[in-house]
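Asks: Return a 3D structure for these sequence lines:
(one chain, ligands or ions: 2)
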Amino acid sequence: SPLHEFLQRLPKCEHHMHLEGALAPSLLFELAQRNNIALPKDDDAFASPESLIARYKRFTSLDDFLHYYYIGMSVLINTSDFEALAWSYFTHAHRSGVVHAELFFDPQAHTTRGIPYSTVLSGFIAACNRANHELGITTELITCFLRHLPIPDSLALFEDPDVQESYRRGDVRGIGIDSTEVGYQPERFKELYDRAKGMGLRRTAHAGEEGPVGYIANALETLDVERIDHGIQLIDNPELMKKVTAKGTLLTICPLSNVVLKCVAGINDVPIKRFLEGGVRFSINSDDPAYFGGYILENYCKVQEAFGLGLREWEVICRNGIEGSWCEDSRKREMF
Ligand code: ADE
Ligand code: ZN
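Replies: Residues are numbered from 1 along each chain as shown. Ligands and ions are numbered 1, 2, ... in the order given. Here you go, the predicted structure:
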């Protein structure tokens, strides 16, 4: 359709995409075989890539998804695996019209399996460099810390010399928190965020995805984050919504993810219109595209189907995406 073409051509910035969430079942099975990794035998979903894809259509919650997400990434062993994974994302992103991508990864999900941080990072950096040279996509990397693990583990990883060096070199631009939400309040990570801020790192946090709006307030107040990942529960608190609007905090919204993980009843319940009307800044993102049935362009298209936005509204969304990015101002000017 002509609108599909229009949406494809918009200069998109992606701010909320977990590299491990770009692991398609086909690559998952290929790497499992190559690396001799046994997939669970007591779960029929792992019989074939097709049965896994079918299972992904029946997620019941964030935690139900995370169970498959962590098993899936267990096939990633070598630098070349991480590079292949990220490169597969970039080819899709390019087709979707992404010009700039700020990508999450979960170091602890690999270091706890005995995979060194340097292995993970060098694979991702190789793919980022290739994406920049061959596709013209600029990139930033963001380390996410896992909420369900003990806080001292996060602090220890943050202080790891290899991790510190990646921040100092600018290979990694910022930090976030992700994984299970309910029961794991953002304020628990205050020490980590204080240290990150002290080093001049950019800061975001998953909040208000499945958890209540109080977690968003908590992240803003105690972690001093510059962005909120998801944040859809903000509609439950008009006061806070006004504050977020005044501050200009960017929400990184993931419509398909919210529908697939049952955070909303349907795409129409993602508060796109209400955020636009209220002046809340947000970008539209894919979260874990290999698990949720679509990359960023599919998210843009679903939003358009549901809300029938006008040209001016899409312009606002893309402008806010560029302005809310963590790249150099000179790069932002190129994207406008
Ligand atoms: N890890 C990967 N995707 C996630 C999501 N949508 N929420 C929390 N943790 C995640
Ligand atoms: Zn996410």
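Asks: okay, CA-based contacts and neighbour counts for the rest of this
Replies: Fine.
Asks: what pLDDT does P2 get?
Replies: Listed pLDDT for P2 reads 69.
Asks: Oops, could you answer that again for N36 instead?
Replies: Confidence at N36, expressed as pLDDT, is 98.
Asks: same deal with the one 3 residues further on?
Replies: As predicted, L39 sits at a pLDDT of 98.
Asks: can I assume it is in contact with P49?
Replies: No - between L39 and P49 there is no contact under Cα atoms under 8 Å: 11.7 Å.
Asks: May I see the buried residues of the strand or helix carrying M241?
Replies: Using DSSP states H and E, M241 maps to helix 238-247. Going by neighbour count (16 or more other Cα atoms under 10 Å), the buried part of helix 238-247 is L240, M241, V244.
Asks: Sheet-wise, list the partners of whichever helix or strand comes after that helix with their directions.
Replies: With elements assigned by DSSP H and E, the helix or strand that comes after helix 238-247 is strand 250-253. Sheet pairing of strand 250-253 (DSSP bridges) gives strand 227-230 (parallel), strand 282-284 (parallel).
Asks: Just the CA atoms of strand 250-253, as CSV, please.
Replies: Output in CSV follows, covering the C-alpha atoms of strand 250-253 (Å, rounded to 0.1, in the frame of the first residue of the first chain):
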residue,chain,number,x,y,z
LEU,A,250,11.0,10.0,25.9
LEU,A,251,9.0,6.8,26.2
THR,A,252,10.2,4.0,24.0
ILE,A,253,6.9,2.3,23.2
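Asks: Against which helices or strands is the following helix or strand past it packed?
Replies: Going down the chain from strand 250-253, the next helix or strand is helix 255-260, by DSSP H and E. Helix 255-260 sits against helix 289-292, helix 296-307, with contacts defined as 3 or more Cα pairs under 8 Å, 6 or more residues apart in numbering; DSSP states H and E.
Asks: Would you mind listing the outside residues contacting helix 255-260?
Replies: Under the criterion Cα atoms under 8 Å, 6 or more residues apart in numbering, residues 57-60, 209, 264-267, 270, 284-288, 292-294, 299, 302-303 lie in contact with helix 255-260.
Asks: for that helix, which positions count as buried?
Replies: Buried residues in helix 255-260 (16+ other Cα under 10 Å): P255, L256, S257, N258, V259, V260.
Asks: So F59: helix, strand or coil?
Replies: Following DSSP: H, G, I helix; E, B strand; the rest coil, F59 is assigned to coil.
Asks: how about it, what does it touch?
Replies: By Cα under 8 Å, 6+ apart, the contact list for F59 reads F65, V260, L261, K262.
Asks: And the first one, how close does it get to L10?
Replies: Noted for F65: a distance of 30 Å to L10, by Cα to Cα, to the nearest Å.
Asks: count of neighbours near N237?
Replies: N237 is flanked by 13 other residues according to other Cα atoms under 10 Å.
Asks: Might you enumerate the residues of the chain proximal to ligand 1?
Replies: Taking Cα under 6 Å from any ligand atom as the criterion, the chain approaches ligand 1 at residues H18, D178, S179, T180, D287, D288.
Asks: Strands - which of the residues you listed land there?
Replies: Mapping the residues of the chain next to ligand 1 onto strands (DSSP state E) picks out D178.
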